[in-house]
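Student: 3D, please:
(chains A and B)
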Amino acid sequence: MKAGYGRGVNDVRENEVISVQGLVKTFGATRALDSLDLAVRSGEVHGFLGPNGAGKSTTIRILLGLLRRDAGEVRLFDGNPWSQAADLHRRLAYVPGDVSLWPNLSGGEVIDLFLRMRGAPADHPLRAQMLERFQLDPTKKGRAYSKGNRQKVALVAAFAAPADLLILDEPTSGLDPLMEEVFADCVLERKAEGTTVLLSSHILSEVERLADRVTIIRDGRAVESGSLEDMRHLHRSKVRAEVVGRVPDLSGVPGVHELAVDGSVVSCTVEPEGLPAVLTALTGAGVRTLTSTPPSLEELFLDAYRGEPVG
Amino acid sequence: MTGVGALTRFALRRSRVLIGAWTAVLAVFCYASAAATDSLYPTLADQVSAAESLNASSALVALYGPILDVRSLGELAMTKATVTYAVLVMAIAITLVRRHTRVEEESGRAELLGGLAIDPGAPMVAAIVVGAVVSLLVAVTAALGDIAGGLPVVGSLWFGASWFGIGLVGTGIGAVCAQLSANARTCGAVAAGVVAVLFGVRALGDTSSAGWLSWLSPFGWSTQLRAWSDPRPWLLLLDLGLAALLTGVALALRAGRDLGAGLVPDRPGPATGSPRLADALALNLKVHATSLAVWTVACAVLGALMAAIVPGIGSILDSNGTRTMMERLGGVGALQETLVAALVSVGAIVISCFVASVVGHGGAEENDGRTEEVLATATSRSTTFAAVAVVALGGAAWLLLVTGVAMALGSLGAEVSAGAVLAAALVQIPAVWVVAALALVAVAVRSRWAIAGWVLVVAFFLLGPLAELLQLPGWVAGLSPYSHVPKVPAESFQVGPELVLVVLATLLVATAWWRYRERDIG
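Tutor: Purely as a prediction, here's the structure:
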């Protein structure tokens, strides 16, 4: 993790709804979480990303008090998520990535059950509104729902009453694009009302649209954290230039990678620190055309996921 | 039919531990019974007297069926195996068929197979083949156990054949029941009910003047086969015919329905939840409501039916010999009391199956991720644990109460007072609680150990007879909590053992609760 866009500033921490530092969790010989840091500030939508098996769900399950941490600090609403689980859960709603329902309970019964067990009212006007927006038939029995509809049951339950925090673990898996749209609208509305959201997701466009900040984890560690803007600035840009004169030798310039020369065209990727030197060299050679592209989200994520050097 | 061979091998492989353990237990039981009987009753006179006293006790006839040829060592040795333990043969067949049909459909795994290049009917046929193959396996190993235990070869083979027939009928029952509901638990409960009715009908037939009732049940056919003397092989055709009929019905039902659907389509449920459905206990009660209702009715009906044989016990024992022996045993009243005590002890074990299913379901809730969803609300670990414990412990007490009341009403007119019959059922509660508490400890340690409840019930059920046959030290049989329950009303009530069982159950539940609060979920 790079200094500058990381967290850890004390005045910010007071504002944190979720605060995780140095979290370790092992299952037998497997180290699922290896000194993980995560900070979710009050009122933000925080994207939580990482490849399969990186430890996202384990982190969420520790935050929910389902798993016990082996080491590290975990605070939820400035409380202990293990020992104060039931009390803290009055303030949050959780949507798992694979919702399992009771075969003989109808969707409506499950929604009301979740609401009541959360201590929330089951007759909030939002409930009817959410059923309408997610186009969910609440009279079907649990076993009759498809994967996407089971997901909707949990989403309606989560959005059907106000909550301070939403913990969403790949909440849109199995939803069709229209429903993903409804989901995104709901998240943004909640955010506007001040709700904090932890959103674990694989859908980059969803994260890009919704998240204020993201944390990317790999092998149980946070490898990136910050706003998308910050992250973009800290990664290599693609530079492609056609020069008038002789192609300058950029191979010696620090921060230049993937250098390729094709006639009078030179292309490479450049770390932020190397850009001024590259531009100087190119200008010296007489630039005919020049494009510099910041990394796309996909490239950012793929770099982080693969664990390649990322600037 | 494409895929049957591969699916059969796959199912046999998946269930190999279950099949192996079940087969081994039954074979060892047969061997131990066969080997022990010869030394227990060294002379023919000993055998005849033992067989006659068995026949004289309605309680034992109700449980084990009659001995038709009192001079046959084989029939005496296999008294319990012919009918009572044949229930376990039927149970394994039903369990396997259900496991590889409806359970697979409910979990969605069958859909995965449906996408492969196999015949749509193949999984069903494969499950039936598995049931038949395992029935044959159990029958052959049981016969070998008998032969190894020193019983005549021909009789042993016919006895094995009777178990094979029971297994085939079980396969058919399992196959039909698996078609009825989209809910695998409901299918299992219906099948268990069918077995209970078949057993109960035979018990009534064997102990009352309505002997024809026994001919309505495959368990009755097993006795009438007379495996050990003058076998009547044509009776096996009844088993085969019934199994073929049931299998045909099952295949027709399967062909006429969609994958995953029951015969009765799901009715829509309420659009909103009842305000009472607001906590983990209410949820668990709702989940078990149907099961609890079915069990309540079954306990009431079977309790009343079984108890109905109690008042008649004096009149069917008219011969001078049995009359004398009865007097020696303490008269009609004492016989009736023994019968009541024996019936409730069976009732306690059957009701323990309800407990095993509730606790097992608690483990399944966690494995399927539903416990996680509940714990993500403002529901504490303690509440979640209590929800399972209350339904298991409370359900056991309730069902024994229902059984006791039903038996008390059913046995009106006997020389045993209704109060004594009720008490006989109620004293079983602490023993069932200990079994429930042990199962809760297993689930509290690891959700995947939820099967422990079933293992315990079967183990404790077999422990007494096995320890007796193998002449194991007394403490082995004493491991079973059921063995410490005073045999009210035949014996007087003792508060000591009851108190010890209650304290033990309390300590075990407390341990389970403590463990469940401390461990990882999922």
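Student: The stretch 101-250 of chain B: helices as residue ranges?
Tutor: With DSSP state H, counting those that start in this stretch as the criterion, the stretch 101-250 of chain B has helices at B:102-107, B:109-114, B:122-148, B:153-180, B:184-207, B:218-224, B:234-255.
Student: Out of those helices, flag the one nearest chain A.
Tutor: helix B:102-107 (7.0 Å; Cβ to the nearest Cβ). Where C-beta positions appear, they are placed from N, C-alpha and C, glycine not excepted.
Student: contacting residues for the residue of chain A most remote from its centre?
Tutor: Farthest-out residue of chain A from its mean C-alpha position, per Cα atoms, centre = their mean: residue A:245, at 46.0 Å. Counting by Cβ atoms under 8 Å, 6 or more residues apart in numbering or on different chains, residue A:245 touches A:285-286.
Student: Distance-wise, check it relative to residue A:261.
Tutor: Distance, residue A:245 to residue A:261, by Cβ to Cβ, to the nearest Å: 13 Å.
Student: try residue B:425
Tutor: On the measure of Cβ to Cβ, residue B:425 and residue A:261 end up 93 Å apart.
Student: Looking only at neighbour counts, state which of those two leads.
Tutor: Neighbours were counted for residue B:425 and for residue A:261 using other Cβ atoms under 10 Å in any protein chain shown; residue B:425 has more, 28 against 15.
Student: thought that one was touching residue B:345?
Tutor: No. Checked against Cβ atoms under 8 Å, the pair residue B:425 and residue B:345 is beyond contact range at 10.0 Å.
Student: Would you point out which residue is most central in the chain?
Tutor: All of this is about chain A. residue A:47 (2.0 Å).
Student: my question was about chain B
Tutor: Central residue of chain B (Cα atoms, centre = their mean): residue B:350, at 5.9 Å.
Student: How about that residue: what's its closest non-neighbour residue?
Tutor: Distances taken as Cβ to Cβ, 6 or more residues apart in numbering or on different chains put residue B:196 closest to residue B:350, at 7.5 Å, once the chain neighbours are dropped.
Student: tell me the contacts of that neighbour?
Tutor: B:298, B:302, B:350.
Student: Kindly report the same for residue A:138.
Tutor: Residue A:138 touches A:106-108, A:111, A:131, B:271-272, counting by Cβ under 8 Å, 6+ apart.
Student: and what of residue A:297?
Tutor: By Cβ under 8 Å, 6+ apart, the contact list for residue A:297 reads A:204, A:207-208, A:228.
Student: how far away is residue B:46 from chain A?
Tutor: For residue B:46, the distance to chain A equals 56 Å [Cβ to the nearest Cβ, to the nearest Å].
Student: which ones are touching that residue?
Tutor: residue B:40.
Student: on that earlier part again, nearest to residue B:455 among the contacts of residue A:138?
Tutor: residue A:106 (34.7 Å; Cβ to Cβ).
Student: In space, what's closest to that closest one - neighbours in sequence excluded?
Tutor: residue B:269 (2.8 Å).
Student: ok so that neighbour is a strand residue?
Tutor: No. Under DSSP: H, G, I helix; E, B strand; the rest coil, residue B:269 falls outside any strand and is assigned coil.
Student: burial measure for it, as a count.
Tutor: Residue B:269, neighbours per other Cβ under 10 Å, totals 20.
Student: related to what we said a few turns ago, is it possible to export the contacts of residue B:196 to CSV including pLDDT and secondary structure?
Tutor: As requested, the contacts of residue B:196 are exported to CSV (pLDDT from 0 to 100; DSSP: H, G, I helix; E, B strand; the rest coil):
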residue, pLDDT, secondary structure
B:298, 88, helix
B:302, 83, helix
B:350, 90, helix
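Student: any low-confidence regions in the stretch 51-200 of chain A?
Tutor: Residue ranges of the stretch 51-200 of chain A with pLDDT under 70: none are present.
Student: What is the subsequent helix or strand relative to the host helix or strand of residue B:456?
Tutor: Using DSSP states H and E, residue B:456 falls within helix B:452-469. The first helix or strand that comes after helix B:452-469 along the chain, using DSSP H and E, is helix B:474-477.
Student: quick check: mean pLDDT across whichever helix or strand comes after that next one?
Tutor: Toward the C-terminus, helix B:474-477 is succeeded by helix B:495-518 as the next helix or strand (DSSP H and E). Average pLDDT, helix B:495-518: 97.
Student: buried sites along helix B:495-518?
Tutor: B:497-498, B:501, B:504-505, B:508-509, B:512-513, B:515-516 (16 or more other Cβ atoms under 10 Å in any protein chain shown).
Student: Taking the stretch 1-150 of chain A, what residue is nearest to chain B?
Tutor: For the stretch 1-150 of chain A, Cβ to the nearest Cβ, closest residue to chain B: residue A:106, 2.8 Å.
Student: per-domain residue ranges of chain B.
Tutor: B:1-262, B:279-522 (automatic domain parsing).
Student: Could you report the neighbour count for the nearest residue to residue B:75 once chain neighbours are set aside?
Tutor: Using Cβ to Cβ, 6+ apart and skipping the chain neighbours, the partner closest in space to residue B:75 is residue B:228 (4.4 Å). Neighbourhood size, residue B:228 [other Cβ under 10 Å]: 26.
Student: quick one: residue B:228 and residue B:78 touch, right?
Tutor: Yes. Using Cβ under 8 Å, residue B:228 is in contact with residue B:78, at 7.4 Å.
Student: Quick check: neighbours shared by the two?
Tutor: By Cβ under 8 Å, 6+ apart, the residues touching both residue B:228 and residue B:78 are B:151, B:159.
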